[in-house]
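>>> turn this into a model:
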Amino acid sequence: MLQVMRSAANSWVVKILFVVLLLSFGVWGIGDVVRSRHSDAVATVGGAEITRSQLDQAFRQQVDRFRQFMGPTFDTEQARAMGVVSMALNGLVNGLLTDEAAAEVGIAVGDQQVIDEIHRQKVFHNAQGVFDPQKFGEVLRANSLSESFYTDAIRRDQARGMVVGAVSAGGDLVPKALADALYQHDGERRSVDKVVLKAAAQPDPGVPDAAAIETYYHDHAAPFTAPEYRALTIGLLTTDALAPHQTVTDDEIKAAYDSRIEEFQIPEKRQITQVVVPDEATARQIAAAVKTGQTLTQAAEAAKVEPIKMEAARNELLPELQAPVFDLAIGSVSEPVKTELGWHVIEATGTLPAGNRSLDMVRDELVAGLRKDHAADAVDKIANSVQDALAGGATIDELAAKFGLAVIKIPATDAEGKQPDGKAVDALADTKTLLQTAFSLDKGGRSSTIDLPSGGYGLVQVDDVTPAAVKPLEIVRDQVVAAWQNERRHAALADQVKQVAEKLKSGAPLATITEIAPGAESSTTEPLARTDSTALPASLIAAVFKAKVGEVVSDDAATADADTRIVARVVSVVPAAAPTASDTQFEDIRTRLSRDIGDDLLSQYTAALNRHFGVTVDQSAIDSLYH
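Modelled structure (predicted):
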């Protein structure tokens, strides 16, 4: 997020159609979270509101952007699970907070600055590399944008860039001593003698006799105990449960369509196949293969890269791809193009013309949304009536018949939401709060209405309780024997770790370790970096870099894989060489420190903006929009 902000400050404007994605990853932090809806707003920032339609539009733009590197099958359900709704909301909040800050300090962007920026954007240039007013109009029309909207967006973006740039500029002052110390720290390398010991390689402990089995069974009852199970009846008062019963008029449908008309305008789209690779050499190799007669797919397969087929409007593409894609003749393949995602080679395979989705085409979508809106408004009112009926002794089934609650019957579940066969109870996936409440009630007990994290209300009734009980020994005998044997092997492994560590501390050659640890795997590593977790676990490599040459360290039994243990002896320490004028690693460290310092400054500033202007989020409105 902070890097996105920094880029905005440096370039003044995120290229066409991505203005609305400026500051799209949130670090501002959200203030108060409210549960009830009083307007169409899902959030307020100072005196400004973010509406449901604005959030939904920003969310869908984020989904389109994700599809560029996750493929066309990436859908809204996956996006919601990944938190893209919150990402979109934070992007809108971030923009408004910056606008408020810019206005408060009196930042104003003149018309000439806006004109100069538009003239600099290559997407509006003709073949001679000069701004073309006609092309400017064509690009805006193709993306359903007015000139006033776009110029206002640039003006706003430049003001935001001034604010962000001024705050983050402090990160450019990196003390040389700090950069030198971090360079030496990161550049140091160490090699170790490594011994890998495994529980499976320990001697066979044999089979315990009947007395040992009986003793182990009684001393370790917990793993062989069936948990308490409860039979539950759950009632849910949610927008999903109430929405089908809501009435929507034709006038409401028409008004909703008119208010969202821009959303239903379909811009021209280009169908493409693209290959994305991390380096320029591979991209040029693929492009050259196409010129010799191979298809892009064949060239990609030869380079062991998966081609991606997709269709996208201009505003759905990364800025660097917009002109190359839309200027490319159908059937042609582009030269390599670099973006933040890597190097792209693109084939234009078709065009989908611009158009509009008519009211009839989107009627079902509008009706579903309006019903959810009405249901969200009704939930709080009905919840009060449900609570009154509960006080009068009504059962959940009676409440369902009267108020439209959804009813779920669960024959048996443990406190973790699992059935006796170990499978999860699907009906409890979104009702963990109710499950916790259910296990605090006595048999026959019934809760009051409970706020659900996903929006709406629920209540739960305990129909029956099956107490926890140790399973009979005759049923779990094989499990008891296996557990006894496993415990003996791990005890032998722990002893072996100590023996190997002592032998290595004595200076014994690595080759002699198998004398006390048959089956051990030993080797001397190449010099390792602090970040190299391929040869050693991260926790162990941290210990290696704290130890002196000749010292021995082992992984922590509490955190290491219980079936495998590693013992290591530090063999050598190789200090980092002094940085040279052409040392890119040293410059990378300076750049990273500069960015990190700037990020810290921005984090503190944004937290202050949040407190100063105030941010309020209506979570129930968001839940009703996407639940």
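
>>> residues near Gly614, how many?
Gly614 has 15 neighbours, counted by other C-beta atoms under 10 Å. Heads up, the C-betas are built off the backbone N, CA and C, glycines and all.

>>> right, I mislabeled it, should have said Gly95
Neighbour tally, Gly95, other C-beta under 10 Å: 24.

>>> do Phe264 as well
17.

>>> ok, for it, nearest residue in space, not its chain neighbours?
Leaving aside its chain neighbours, Phe264 sits nearest to Arg357 (4.2 Å; criterion: C-beta to C-beta, 6 or more residues apart in numbering).

>>> my guess is that neighbour contacts Pro267. True?
No. Counting by C-beta atoms under 8 Å, Arg357 does not reach Pro267; the two are 11.8 Å apart.

>>> what about the two, which has more around it?
A count of neighbours by other C-beta under 10 Å puts Pro267 above the other of Arg357 and Pro267, at 19 against 14.

>>> okay, the closest residue to the more buried one other than its chain neighbours: pLDDT?
With sequence-adjacent residues excluded and distances taken as C-beta to C-beta, 6+ apart, Pro267 is closest to Ala313, at 4.1 Å. Looking at Ala313, its pLDDT reads 87.

>>> roughly how far apart are Ala313 and Val345?
21 Å (C-beta to C-beta, to the nearest Å).

>>> higher neighbour count, these two?
Set Ala313 next to Val345 and count neighbours by other C-beta under 10 Å: Val345 wins out with 28 against 20.

>>> you'd agree that one is in a helix?
No. Going by DSSP: H, G, I helix; E, B strand; the rest coil, the assignment for Val345 is strand, not a helix.

>>> which ones are touching it?
Residues near Val345 by C-beta atoms under 8 Å, 6 or more residues apart in numbering: 274-275, 277, 283, 286-287, 290, 296, 299, 333-337.

>>> so what pairs up with it in the strands?
Per DSSP bridges, the residues bridged to Val345 are Val275.

>>> how far away is it from Ile272?
Val345 is 10 Å from Ile272, by C-beta to C-beta.

>>> I'd say Leu593 and Lys176 touch.
No. Leu593 lies out of contact with Lys176 (C-beta under 8 Å); the separation is 10.5 Å.

>>> just say helix, strand or coil for Leu140.
Leu140 falls in the helix class when you classify it by three-state DSSP.

>>> isn't it up against Ser148?
No. Between Leu140 and Ser148 there is no contact under C-beta under 8 Å: 10.2 Å.

>>> hmm, back to that, the residue nearest to Pro267 and Arg270, how far apart?
8 Å.

>>> show me where pLDDT drops low in this protein?
Applying pLDDT under 70 to the chain flags the ranges 1-39, 170-172, 429-431, 453-455, 557-561, 581, 627.

>>> in it, which residue is most central in space?
In the chain, the C-alpha closest to the average C-alpha coordinate belongs to Met82, at a distance of 4.4 Å (C-alpha atoms, centre = their mean).

>>> which residues touch that residue?
Met82 neighbours (C-beta under 8 Å, 6+ apart): none.

>>> give me phi/psi at it?
phi -90, psi 0 (degrees, to the nearest 10).

>>> one more: Leu352?
Backbone torsions of Leu352, given as degrees, to the nearest 10, read phi -110, psi 120.

>>> give me the distance between the residue nearest to it when sequence neighbours are not counted and Ala48.
In this structure, Leu352 finds its nearest non-sequential neighbour in Lys269, 4.1 Å apart by C-beta to C-beta, 6+ apart. As judged by C-beta to C-beta, Lys269 and Ala48 stand 32 Å apart.

>>> who has more neighbours, those two?
Between Lys269 and Ala48, counting by other C-beta under 10 Å, Lys269 is the more crowded of the two (19 against 16).
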